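> one predicted model, sequence on top.
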Amino acid sequence: MSADALEIERPSDLLAGHPATAYLWGHVAGSGEVTDEGLEIVANDEESAEVLAAIAGGPAADPERETTTREYAHDASITRTDEEYTVSIDGADLYGVSGPLGLPVDGRGNYRFGAFTGHERELLRGLLEGCGTVCFKSSSGTVGISFVHDDRELLEVIDNLLAACPVDAPTGEVGETSSGGYWFGLEDAAAPAFGEWVYDGSEATRLYAPSRKRKLERSLEQAEHA
């Protein structure tokens with residue numbers, strides 16, 4: 001399915017407060033790159049990439065597919081191979097005279113998410129899918145949800161968003177990964193309530209990555225029967 005075949009409710013202004021733009025900028029912050037020329041967002045779910053492209057502007061932003069191999073953040077000795085989809089957004093129409101300065105994510109370590117007040121669920125969903133990990137811990141029979149990124153400042157922003165969300169989502173301290181980045185995790189007991197909350201209503205809006213949602217649901221089901 002091409003991006004132009006999707007019918008996604010979105011505002012004409014990508015900087016406006018809206019569930020779709022909150023989801024988009026969560027992905028930009030979590031797995032994107034902002035340059036003077038434009039934005040690139042990397043997603044590992046094809047349907048989510050097509051949704052992001054539709055939000056960004058239809059067929060001009062159609063995702064490109066690539067197979068990549070990368071190290072696990074927590075253990076650089078282990079690698080995994082993924083299908084990744086890159087959505088590119090030309091900055092010509094998005095940027096003003098100051099370039100990316102002033103965007104919600106400006107590529108210089110500044111994160112301005114105030115416009116998305118009231119849409120924190122979609123913002124956190126985009127962040128979770130962009131730089132979050134979900135796993136079933138067989139040793140404890142629980143689900144681990146963590147966020148991993150090279151920018152410690154972003155993780156602190158995410159931590160603050162989690163502290164303010166309507167479900168209890170206590171977190172641990174930000175630590176360093178073996179690959180040189182940073183990470184922190186939710187307390188395992190908070191995973192079921194947070195997972196249900198963050199994906200609530202997502203199927204109706206299509207603002208989600210189906211493969212990521214399925215993995216979370218499978219992990220929570222495993223934990224329930226552990």
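On my side now, so go ahead. Residues are numbered from 1 along each chain as shown.
> C-alpha only now, for contacts and for neighbours.
Fine.
> show me the strands in the chain, by range?
32-34, 38-43, 64-71, 79-90, 132-137, 142-149, 175-176, 182-185 (DSSP state E).
> low-confidence ranges, the protein, go.
1-6, 58-62, 66-82, 97 (pLDDT under 70).
> and the angle for the longest helix belonging to it with strand 132-137?
Looking across the chain with DSSP state H, the single longest helix is helix 210-224. Orientation check (axes from the mean of the first three to the mean of the last three Cα atoms, to 10 degrees): helix 210-224 against strand 132-137 gives 30 degrees.
> list of residues touching helix 210-224?
For helix 210-224, contacts defined as Cα atoms under 8 Å, 6 or more residues apart in numbering pick out 45, 47-48, 129, 134-136, 141-143, 192, 195, 199.
> go with 10 Å
The contact list for helix 210-224, computed with Cα atoms under 10 Å, 6 or more residues apart in numbering, reads 44-48, 125, 128-129, 132-138, 140-145, 191-192, 195-196, 198-199, 202-203, 226.
> just the C-alpha atoms of it, please, in PDB.
Provided in PDB are the C-alpha atoms of helix 210-224 (Å, rounded to 0.1, in the frame of the first residue of the first chain):
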ATOM      1  CA  PRO A 210       1.200  -3.200  14.200                       C
ATOM      2  CA  SER A 211       4.300  -5.400  14.600                       C
ATOM      3  CA  ARG A 212       5.400  -3.400  17.700                       C
ATOM      4  CA  LYS A 213       1.900  -3.600  19.200                       C
ATOM      5  CA  ARG A 214       1.800  -7.400  18.600                       C
ATOM      6  CA  LYS A 215       5.100  -7.900  20.200                       C
ATOM      7  CA  LEU A 216       4.000  -6.000  23.300                       C
ATOM      8  CA  GLU A 217       0.800  -7.900  23.500                       C
ATOM      9  CA  ARG A 218       2.500 -11.300  23.100                       C
ATOM     10  CA  SER A 219       5.100 -10.400  25.800                       C
ATOM     11  CA  LEU A 220       2.300  -9.300  28.200                       C
ATOM     12  CA  GLU A 221       0.400 -12.500  27.500                       C
ATOM     13  CA  GLN A 222       3.500 -14.600  28.200                       C
ATOM     14  CA  ALA A 223       4.000 -12.700  31.500                       C
ATOM     15  CA  GLU A 224       0.400 -13.300  32.500                       C
END
